[in-house]
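[1] requesting a structural model of the entry that follows:
(2 chains)
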Amino acid sequence: MWYKLWELFYRFFLIGLFTIGGGYAMIPMITDAVLSEGWMSLEDLMNFFAIAESTPGPFAVNTATLVGFNFVIESPIMGALVATGAVVLPSFVIIYMIARNFHHLMENKYIVFALAGIKAVVVGLILSVVWNLMSNSIGIVTQLFKNWDFYALAIIVIILIISKISKKIGPIPLIILSGILGYIFYGLL
Amino acid sequence: MKILWHLFITFFKIGAFTFGGGLAMLPFIQDEMVRKHGWITEDEMLDIIAVAESTPGVIAVNTATFVGYKVKKFWGSLVATIGVILPSLFIICIIAMYFKDFLAIPAIAAIFKGIRAGVAVLILNAALTIYKKIKKDALSYVLMGLSFILSLFIPIDSIFIIIGGAVVSIIVHVAMSRGKEDAHVV
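    Okay, here's the model as predicted:
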């Protein structure tokens, strides 16, 4: 169990350190950590992202808590505490230093250059996660279920993208809408 | 002591009642900190937002740490930070305990199948939001394309790709500014 906690700590510490521009930027890193270490399945993780998005509190903290809780089966609460503490620690230390008038830290040109590069890279990484999610769910769907599921998924995604672009609906209504569509397509039809 | 308790309660409330993470919390934080308690000024709040967005880490946590420090130094920052994450810990642990049983209900499973598609759309949207904020130069596009291709086709941890992006960006920017200086000399 101690090894698991350590693994969790150091993974989430790095994730907290390299997340710039909000919680979503950590999605590729969390996905990599979880899948490469075999902590849980991609499907589980997607459910977690959904919960993290639709419950109060910062997305990043919610996700860390969920992953920690579910990964350390021997002591879920410890897992949740360690993952959450680890993801928050870099922010705390960095901001504490800046607040103590280390303003020049963020004006250092090397740090500015590094942050610009990181933001661009994160866009590419997130896009590749979306790509993997889509192809993965289509792959699973065509192998395990009848073809209908594939069309259902395509229809759901198209409806959601259109409603997101045209109506600019917020994340919570979008999750509710996708839940309703899921119920109609996979539960009823 | 009283002000520490106040800080804790205020950030606990912010953690418990705001959905959608850091950016969604900012108006709420602003209202509580500037208008209701007068702990910080409007200008300081703008500074805090700029710092919180451009430094690594979770935006909500960054803001809590920064405001806490302004109000009551180290203990203020500690108390505010713990306050903002505590509701998440509680709520999420309770949900996590029952989630597996919950998902065993067929109707719920169908709903979550739809929600996973919704989450993919939200993640796609997040990429667009960050894209809007980056500098649109050749280097950005090259880094974006490379990171997409690398992470898709090579089993490499995205943390290394991120570190690589930072290093390449530093090297290119430094090389470009050197180039400009040389041009001046000539």
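[2] for chain B, name the helix or strand with the lowest mean pLDDT.
    Ranked by mean pLDDT, DSSP states H and E, the helix or strand of chain B with the weakest confidence is helix B:22-30, at a mean of 71.
[3] contacts for the very next helix or strand once past that helix?
    Proceeding N to C from helix B:22-30, the next assigned helix or strand is helix B:42-54, under DSSP states H and E. For helix B:42-54, the external contacting residues (C-beta atoms under 8 Å, 6 or more residues apart in numbering or on different chains) are A:20-22, A:95, A:98, A:106, A:115, B:22, B:26, B:29-30, B:33-34, B:40, B:59, B:62-63, B:66-67, B:70. (Each C-beta comes from the backbone N, C-alpha and C, glycine too.)
[4] now helix B:42-54, how far from the centre of its chain.
    Relative to its parent chain, helix B:42-54 has a centroid offset of 13 Å by C-alpha atoms, centre = their mean, to the nearest Å.
[5] quick check: mean pLDDT across that helix?
    Averaged across helix B:42-54, pLDDT comes to 77.
[6] picking that back up, any of the contacts of helix B:42-54 buried? List them.
    Neighbour-count burial (16 or more other C-beta atoms under 10 Å in any protein chain shown) is assigned, among these, to A:20-22, A:95, A:98, A:106, A:115, B:22, B:26, B:29-30, B:33-34, B:40, B:59, B:62-63, B:66-67, B:70.
[7] outline the domain layout of chain B.
    Domain assignment of chain B by automatic domain parsing yields the ranges B:2-103, B:106-185.
[8] can you say which of the ones you listed is packed in most?
    Most buried of those by mean neighbour count (mean count of other C-beta atoms under 10 Å in any protein chain shown) is domain B:2-103; its value is a mean of 20.
[9] in chain A, where is pLDDT below threshold?
    By pLDDT under 70, the weakly predicted segments of chain A are A:21-22, A:101-106, A:136-153, A:167, A:189.
[10] give the buried residues for the longest helix seen in it.
    Secondary structure assigned by DSSP state H gives helix A:109-144 as the longest helix of chain A. Neighbour counts over helix A:109-144 (16+ other C-beta under 10 Å) mark A:111, A:113-130, A:132-134, A:137, A:141 as buried.
[11] which ones are touching whatever residue of chain B ends up closest to chain A?
    Going by C-beta to the nearest C-beta, chain A is nearest to B:G114 of chain B, at 1.7 Å. B:G114 is in contact with A:156, A:178-183, A:185-186, counting by C-beta under 8 Å, 6+ apart.
[12] how far away is it from B:I123?
    15 Å (C-beta to C-beta, to the nearest Å).
[13] go on, B:D43?
    Distance of B:D43 to B:I123, computed by C-beta to C-beta: 35 Å.
[14] with B:F12 instead?
    Taken as C-beta to C-beta, the span from B:F12 to B:I123 is 29 Å.
[15] same question, A:F9
    Distance of A:F9 to B:I123, computed by C-beta to C-beta: 25 Å.
[16] which residues does residue 79 contact?
    The chain I'm using is chain A. Here A:G79 is in contact with A:4-5, A:8, A:68-72 (C-beta under 8 Å, 6+ apart).
[17] my question was about chain B
    Counting by C-beta under 8 Å, 6+ apart, B:V79 has contacts B:4, B:7-8, B:11, B:68, B:72.
[18] so which pair among those is furthest apart in space?
    Farthest pair in the contacts of B:V79 (C-beta to C-beta) is B:F11 and B:K72. Separation: 12.2 Å.
[19] just the element for the closest residue to A:Y110 other than its chain neighbours, please.
    Take A:Y110 and drop its neighbours on the chain: the residue closest to it by C-beta to C-beta, 6 or more residues apart in numbering or on different chains is B:I170, 5.5 Å away. Following DSSP H and E, one finds B:I170 within helix B:158-185.
[20] and what of B:S140?
    Counting by DSSP H and E, B:S140 is part of helix B:138-153.
[21] right, I'll call it a day here.
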